[in-house]
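Asker: prediction below, plus the sequence it came from.
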Amino acid sequence: MSPPTENTCLYRQRLILLLPILLAALCTAPAIQAHSEPLSLSETQHEYSLLNTAEYLEDPSNSLIIEQLLAQPDKHPWRPVKGTSWSFGLSDSTYWLHFDLIAKGNRSHHHFLEVHYPLLDELDLYVTRNGHVLESKHAGDSLPFKDRPLDFRNFLFKPALPPGEKVSIYLRAKSEGAMLLPLILWHEGEFYQHEQKELLTHGIYFGILLVFAVYNLMLFFFNRERAFLYYTFYIISFGLFHASLFGLGYQYIWPNSPQFQYYSVPLFMFVALFMALRFAHHFLQLPQTCPTGVYLLRLLTLLPLLLLAALPFVAYSTIIHVGLPVILASAAVLIIISAIVWFRTRGQAGYFFFAWFIFLLAVIASTSDKLGWSGLGMVADRMLQLGLALQVIILSLALARRMQLERDTRIEAQQQTQEELSEQVKERTEELEEANRRLDAMSRTDGLTGLKNRRLFDEELEKQFRDARRNHTQLSLAMLDIDHFKRLNDKHGHLVGDDFLRLISAVIAAEVKRPMDTACRYGGEEFGIILPDTPREGVAAIAECIRSGVEAIRHKVGDEHVPVTISIGTSTLTPSQEDKPADIIVLADKALYQAKSEGRNRVVSC
């Protein structure tokens, strides 16, 4: 190898001297960022993307103010926004955005600057020129909605843009949730046209949710199946979650409550998760199809309840950090359980599986964007809307399909039963007639007391009243009511109350001896006794025997003897053509009320 020449040695010496300088430059390169070229505004272009124009600055100390940025513009490490796609994830830092504008022409330009994310706690706009602040506006959902510069669901500003002059726009943002700062600069006319399309899209979306919520609520009232009720509340709570996420809730529903706006997104998110888990339990019929899933879903159901209880006491960022994994894990578990049930039953669980699979993909897309992983921007919100709309439609169809299958099953069972009954009628007519007679007797007997029931009371009173009117004979009626029965039930319990009903019924049955007389349980603690061809003195004597017999009851509850008494009102009537069966009941009730008002435990005749 030939020895190095003098020029080669000199070159090596210069290279060695330049290495430290090159290394220092490489290390400090991220912190030195020349400002982007100003964006030129023309009267012909109606919408501007600021992604390639704007720069951002992270302030971990949360202490920078606009005057510091204007006084030392090159001191701070501004970076291009393009690589972030406006999403900075969950961060405790304050973020600044900066871009320059030049309005061409001689006329003033009317443009709107929209921050297309309504969940920022603090948002300040500064319009500067030559290092001086020309205009400042303050917004954020920590302020009442009426304090916004413009009445709009997202943050909307109308900066002053002098024609032909360069202005610098600075935005300062601080939020405990996701830090998204998607900027769009609109020409005023184009903004209004775009807003009409946006409102139409939101109207269709929330209209779908409303229609299916009402539809499922009506189905619940129709068949009283709790799956429909939980699903209705799931749709409503997720609709309110989206209303919060899109700023519509703060604009139209709770505009004067920044505190509720602060909690609205996690609140409705966790309520929707709770309703989804309860709906899955009933829709998939887990106790029969997957018993292990019952315990798993019960455990998962506790998580949104705990997160809801923790909302006032835990930092918002902590709730979001914990809540998002819980939602994703819950959706994944529901997909796995529905797949197992589908494999076992081959039923409507397939609808559930695909609905939640689509929704999980939408939730993953939205979550990754909020955390700054995907950079999907507004597309993620559209995916979440579409995912929920498809889920609502698929699950509503599944519920309707299940209801149809259950109806078909019932109809088939009824037809099969009718055929079997027809065969049994042909083969054993006499046995069925005897069974019908027994059933008829049972339908006229009170199961607890053994007395006749209210149905037979009405039929017998009508018959005896008609006979007495035709034969011009007296008809007597006694109405009996146990004194302070509710107090007895409240003190000793309904089982003890049932014992007293049976004991008193036995006393009544012992005194009503004639075959033509009818003793019935009228309802609750009331009894009625129909006594045909019985004078006033006769019914009063029977009533007094019953009253004294009841008073003589000695029933022991534990170590305590519990007394019981009864009040009785009697009435006697020789019915005329104008009289009705209700008249004799009214008279007996009047006497009964008089017995109660005079101190109870007595007989009053009317």
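Answerer: Received, thanks.
Asker: number of nearby residues for residue 165?
Answerer: 11 (other C-beta atoms under 10 Å). C-beta: built from backbone N, CA, C; applies to glycine.
Asker: once you drop chain neighbours, what's closest to it?
Answerer: With C-beta to C-beta, 6 or more residues apart in numbering as the criterion, residue 165 has its nearest non-adjacent residue at 6.6 Å, and that residue is residue 129.
Asker: bridging residues for that neighbour?
Answerer: The bridge-partner assignment for residue 129, based on DSSP bridges, gives residue 132.
Asker: which ones are touching it?
Answerer: 162, 165-168 (C-beta atoms under 8 Å, 6 or more residues apart in numbering).
Asker: and these, which of them are buried?
Answerer: The neighbour-count criterion (16 or more other C-beta atoms under 10 Å) marks 167-168 among the contacts of residue 129 as buried.
Asker: just send the contacts of residue 129 back as JSON lines, with distance to residue 200, secondary structure and pLDDT too.
Answerer: Conversion of the contacts of residue 129 to JSON lines gives the following (distance: C-beta to C-beta, whole Å; DSSP: H, G, I helix; E, B strand; the rest coil; pLDDT from 0 to 100):
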{"residue": "162", "distance to residue 200": "35", "secondary structure": "coil", "pLDDT": "81"}
{"residue": "165", "distance to residue 200": "38", "secondary structure": "coil", "pLDDT": "84"}
{"residue": "166", "distance to residue 200": "37", "secondary structure": "strand", "pLDDT": "87"}
{"residue": "167", "distance to residue 200": "34", "secondary structure": "strand", "pLDDT": "90"}
{"residue": "168", "distance to residue 200": "36", "secondary structure": "strand", "pLDDT": "91"}
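Asker: residue 202: which of the contacts of residue 129 is nearest?
Answerer: For the contacts of residue 129, the residue nearest residue 202 by C-beta to C-beta is residue 167; the value is 32.8 Å.
Asker: mind checking how far that closest one is from residue 86?
Answerer: With the distance defined as C-beta to C-beta, to the nearest Å, residue 167 ends up 21 Å from residue 86.
Asker: how far away is residue 540 from residue 552?
Answerer: 19 Å.
Asker: ok, now residue 333?
Answerer: 65 Å.
Asker: which other helices and strands contact the helix or strand hosting residue 420?
Answerer: Element membership for residue 420 (DSSP states H and E) is helix 378-427. In this structure, helix 378-427 makes packing contacts with helix 188-223, helix 226-245, helix 258-283, helix 349-370, judged by 3 or more C-beta pairs under 8 Å, 6 or more residues apart in numbering; DSSP states H and E.
Asker: quick one: which of those is nearest residue 411?
Answerer: The stretch from those with the least distance to residue 411 (C-beta to C-beta) is helix 188-223; that distance is 14.6 Å.
Asker: so which residue is smack in the middle of this structure?
Answerer: When the chain is reduced to its mean C-alpha position, the nearest residue by C-alpha atoms, centre = their mean turns out to be residue 233, at 3.1 Å.
Asker: without its sequence neighbours, what residue ends up closest to that one?
Answerer: Counting by C-beta to C-beta, 6+ apart, residue 275 is the residue found nearest to residue 233 once chain neighbours are left out, at 4.6 Å.
Asker: that neighbour: neighbouring residues, count only.
Answerer: The number of residues packed near residue 275 is 22, by other C-beta under 10 Å.
Asker: distance of it from residue 236?
Answerer: As for residue 275, its distance to residue 236 is 8 Å (criterion: C-beta to C-beta).
Asker: show the pLDDT at residue 92.
Answerer: At residue 92, the predicted lDDT confidence score is 87.
Asker: please, which helix or strand holds the spatially closest residue to it that is not a sequence neighbour?
Answerer: Leaving aside its chain neighbours, residue 92 sits nearest to residue 317 (6.9 Å; criterion: C-beta to C-beta, 6+ apart). Under the criterion of DSSP H and E, residue 317 resides in helix 316-345.
Asker: which of the residues in that helix are buried?
Answerer: In terms of neighbour count (16+ other C-beta under 10 Å), helix 316-345 has its buried residues at 316, 319-320, 323-324, 326-327, 330-331, 333-335, 337-342.
Asker: packing partners of that helix?
Answerer: Counting contacts by 3+ C-beta pairs under 8 Å, 6+ apart, helix 316-345 is packed against strand 87-90, helix 258-283, helix 286-289, helix 291-310, helix 349-370.
Asker: packing partners for the third one?
Answerer: In terms of contact count using 3+ C-beta pairs under 8 Å, 6+ apart, helix 286-289 is assigned the packing partners helix 291-310, helix 316-345.
Asker: need these in CSV (columns: mean pLDDT).
Answerer: Shown next, in CSV, are the helices and strands packed on helix 286-289 (pLDDT from 0 to 100):
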stretch, mean pLDDT
helix 291-310, 89
helix 316-345, 86
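Asker: nearest to residue 450, out of those helices?
Answerer: Comparing the helices and strands packed on helix 286-289 by their distance to residue 450 (C-beta to C-beta), the top pick is helix 291-310, with 42.2 Å.
Asker: so how far is the closest one from its chain's centroid?
Answerer: 16 Å (C-alpha atoms, centre = their mean, to the nearest Å).
Asker: kindly report the same for stretch 560-576.
Answerer: Per C-alpha atoms, centre = their mean, the displacement of stretch 560-576 from the mean C-alpha position of its chain is 51 Å.
Asker: now do stretch 519-537
Answerer: Here the centre of stretch 519-537 is set off from its chain's centre by 51 Å, with C-alpha atoms, centre = their mean.
Asker: and it, what's buried?
Answerer: Here stretch 519-537 shows 519-522, 525-534 as buried, counting by 16+ other C-beta under 10 Å.
Asker: closest to residue 365 among those residues?
Answerer: Relative to residue 365, the closest of these is residue 525; by C-beta to C-beta it sits at 64.1 Å.
Asker: thought that closest one was touching residue 484?
Answerer: No. Between residue 525 and residue 484 no contact is recorded; they are 9.6 Å apart, counting by C-beta atoms under 8 Å.
Asker: so who does residue 243 touch?
Answerer: Contacts of residue 243 were listed using C-beta under 8 Å, 6+ apart, and they are 206, 249, 252-253.
Asker: quick one: low-confidence residue ranges for the stretch 51-200 of the chain.
Answerer: Low-confidence segments of the stretch 51-200 of the chain, defined by pLDDT under 70: 83-85, 105-109.
Asker: helices of that one, start to end?
Answerer: Using DSSP state H, counting those that start in this stretch, the helices of the stretch 51-200 of the chain run over residues 66-71, 188-223.
Asker: for stretch 543-558, give the mean pLDDT please.
Answerer: 90.
Asker: for that stretch, C-alpha coordinates in CSV please.
Answerer: These are the backbone C-alpha positions of stretch 543-558, laid out as CSV (Å, rounded to 0.1, in the frame of the first residue of the first chain):
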residue,chain,number,x,y,z
ALA,A,543,-123.1,-13.1,62.0
GLU,A,544,-122.9,-12.8,65.8
CYS,A,545,-122.0,-16.5,66.2
ILE,A,546,-119.2,-16.0,63.6
ARG,A,547,-117.9,-12.9,65.3
SER,A,548,-117.7,-14.5,68.7
GLY,A,549,-116.2,-17.7,67.1
VAL,A,550,-113.5,-15.6,65.5
GLU,A,551,-112.8,-13.7,68.7
ALA,A,552,-112.4,-17.0,70.5
ILE,A,553,-109.6,-18.0,68.2
ARG,A,554,-106.3,-18.5,70.1
HIS,A,555,-103.5,-18.8,67.6
LYS,A,556,-100.0,-18.8,68.9
VAL,A,557,-97.2,-17.2,66.9
GLY,A,558,-93.9,-18.2,68.5
